[in-house]
Structure formats: structure tokens, C-alpha cells
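[1] Here's my sequence, what's the structure:
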Amino acid sequence: MTANIEATIQFVKDQFQNSYYLQTHPYESSYRLEHTFRVANIGLEIAKKEQLDWEAMTIACLLHDVSYTIEFHSKQDWLDHGRTAVKMITTFLETLNLSEQQKQDIRFGIAIHVDGVADFPGNENTFALTVSDADNIDRYDAYRVFEGLKSQGFDEMDVTKKREYVSTQIIRMKALLQESYATKTATAMLHLRANTNLLFFQQLDTQLNTSTHLVVR
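    Predicted structure coming up:
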């Protein structure tokens, strides 16, 4: 681990610990920090396999959601959270031993990771797109399946509602298998998770189908 990455980890932890909003929303705090590290690990893996700047990528992924330390009051606030994060990290980036190009790549990748839009000029290159790819890939990992079921109150649904939810997830995973990301590595990671989730939801659907009546084969 480089000194730049160590400093970034400490910066992120400090931002989270000093956030009044997160202090009053402990679940959000733990969830967002865990997500941050998962995304950083995904970005690091992609960068190394694709011969991108892995140090800068790790830093970008660690910083991409730092704006969650403040409360969003509207959908626009959420849409802006990448651009807001850039404003929050600019001074910090100047303390790191990075080239101007690295800092620019980090800022631009973070700025566009939500909706593809930045409020300053930049290059929408493979590096920049990978920040968003790493963020999105985490949405489809095993832990997020659990979180999705929990957040939807799956255990409180009747069987019909459960099957409706599972059906939408099966459709969603099949659609993901048709998507491509900025690199072969990111696409392969996405498809692996989509396939794993698809198998899970298909098995769950089968079990739910046998939960209410006898299935004669």
C-alpha cells in the first residue's frame, strides 16, 4: 500500500467520523464505508488487470462517495453527489504526491460516476469510466443481494409478492448479462455476479413455487 493510499484511507475515515449526519445515521455510515472499500477493491483489481494507474484508481474509488457525509435533500442532490465529492476532495488531493494528470483523472472519474456529467472539462477515458464501473459492480455482489432482500422487507411478503420480486430480479440479471462495461475485466466481473445472482433467484423462485402446492412432474 502506498503512502498516498494510506493518507486517503485516513482522510475518508476522518470525514465519516466527523460527519454529523452519519453520526446520527449509524447504519448509513457503516454501509457507505463498507461500500467504499468494496468499490476500491474492485477498482484496484480492474486497474491492475487492465494496466491502468492502479494507485490513482484506488484513490478515486476511495473518494467517490465522500459526499455521503452530508445529507441529501433532493434527487438532484443525489445526482450531484459525484460533483459535490470533487469539491470536497480538491484541497486534500493537493496534499498527495500525485501528478496533475493523476489528480485530474481522479476528479473527473468521480465527477461523472453518477450520471456521466462533469461540471468541468475532462477526458471520458477508460480510467474515468472504470470508477463508475467499479461502483456499479458492487451493486450486484452477494452482500447486496442480502441487502436488497432486507430493504424490500422480503421476509414480510406473502408468497405471491415474493415471487413478483424474484421475477423482477431474474429479468434484471438477464439484462445485465447483455451489458458491456469499459473494460473486458469489468464486464467479466459484472457478468460473473449477474450469473451468480440469476442462479440464486431462479433457485429461490423454484422453491417458492413449491411452497404453496404440490408440483406434479
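
[2] Surely G43 touches M57?
    Yes: counting by CB atoms under 8 Å, M57 is a contact partner of G43 at 4.7 Å. The C-beta positions use only the backbone N, C-alpha and C, and glycine is treated the same way.

[3] which neighbours do those two share?
    Common contacts of G43 and M57, defined by CB atoms under 8 Å, 6 or more residues apart in numbering, comprise 130-131, 134.

[4] Can I get those residues in a markdown table including pLDDT, distance to Q17 and secondary structure?
    As requested, the shared contacts of G43 and M57 are exported to a markdown table (pLDDT from 0 to 100; distance: CB to CB, whole Å; DSSP: H, G, I helix; E, B strand; the rest coil):
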| residue | pLDDT | distance to Q17 | secondary structure |
| --- | --- | --- | --- |
| T130 | 98 | 28 | helix |
| V131 | 98 | 24 | helix |
| A134 | 98 | 24 | helix |
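
[5] secondary structure class for the residue nearest the centre of the chain?
    Taking CA atoms, centre = their mean, the centroid of the chain lies closest to D135, which sits 2.7 Å from it. At D135 the chain is in helix, as set by DSSP: H, G, I helix; E, B strand; the rest coil.

[6] residue contacts, it?
    D135 neighbours (CB under 8 Å, 6+ apart): 39, 61, 64-65, 113.

[7] Using TSV, please lay out those residues together with secondary structure and distance to V86.
    Shown next, in TSV, are the contacts of D135 (DSSP: H, G, I helix; E, B strand; the rest coil; distance: CB to CB, whole Å):
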residue	secondary structure	distance to V86
V39	helix	16
C61	helix	14
H64	coil	10
D65	coil	12
H113	coil	10
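
[8] just curious, which of those is nearest to M1?
    Nearest to M1 among the contacts of D135, counting by CB to CB, is C61 at 13.9 Å.
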